[in-house]
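Q: please find the sequence and the predicted model below.
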Amino acid sequence: MCAHVLVAEDDEKQARLVRLYLEREGHVVTVVHDGRDAIDAARTRRPDLLVLDVMMPRVDGLDVTRVLRRESELPILMLTARSTEDDLLLGLDLGADDYLTKPYSPRELMARVRTLLRRSGRPAGPPDPVLRVGELSVDPLRHEVAVAGRRVDCTPGEFRILEALITEPGRVYTRQQLLDQACGFDRYVTTRTIDVHIMNLRRKIEADPRRPTCVVTVFGVGYKLADPGADAREGRDGGA
């Protein structure tokens, strides 16, 4: 059973591990790091399951559950470090379908995921969560990249970096964060590897690789995927 799973977890190390467990079982995974983005992604990406941490910035997991439950029957698996009965019951009362108390084992997490997907009858077939920003599209299920409909061949490392960037357009990733995405926990590679991947990606997806407008350098920090829609909105707000 292949599903599209949305993971909302502000601890980046924990989010990487949950992504790894889910992808090993063939699921397509979208990761966000705060409650506001979780609500937005649930509305726009229409995942089959939400794995939701309770303690998150901007909007906590309980409020995310409250909002989404009014709008849909999206299955929600809540992750919580809170172990009191009142906290757990509140999450369930708000509409969470199940919960896991941290720390938990990978086997237990995946057993809960399988149960919720089976119980909800999702999905009937493979998902099609193609991610798009401007003319760039990334298909996590088929591992395909296209620019203005033109297929672009990427290495596995390049693809994982681009997938991370397009999942959260406008977010600045450090080289180490992108290295974790591209190479996992391989301690024999360096952050210089990311610069090489980015250079090769620009050659493939930018109109002018010397003056990139898609994958942008944030000096002293790392890289981000420019979001033309967000930039346009900020321009309108600034001119108001």
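A: On my side now, so go ahead.

Q: for the rest of this, base every contact and every neighbour count on C-alpha atoms.
A: Fine.

Q: what's the helix or strand for the residue lying closest to Glu25 once chain neighbours are set aside?
A: Excluding its sequence neighbours, the residue lying closest to Glu25 (Cα to Cα, 6 or more residues apart in numbering) is Cys2, at 7.8 Å. Using DSSP states H and E, Cys2 falls within no helix or strand.

Q: was I right about Cys2 contacting Arg24?
A: No. Using Cα atoms under 8 Å, Cys2 is not in contact with Arg24; the gap is 10.8 Å.

Q: give the helix, strand or coil label for Arg203.
A: Using DSSP: H, G, I helix; E, B strand; the rest coil, the structure places Arg203 in helix.

Q: likewise for Val196?
A: Applying three-state DSSP: Val196 is helix.

Q: mind listing what the spatially closest residue to Asp97 that is not a sequence neighbour touches?
A: Excluding its sequence neighbours, the residue lying closest to Asp97 (Cα to Cα, 6+ apart) is Ile76, at 5.4 Å. Taking Cα atoms under 8 Å, 6 or more residues apart in numbering as the criterion, Ile76 is in contact with Leu49, Leu50, Val51, Leu52, Thr65, Gly95, Ala96, Asp97, Asp98.

Q: find the residue at the geometric middle of this structure.
A: Val31 (2.1 Å; Cα atoms, centre = their mean).

Q: the bottom helix or strand of this structure by mean pLDDT?
A: Within the chain, no helix or strand scores below helix 228-239, which has a mean of 50 by mean pLDDT, DSSP states H and E.
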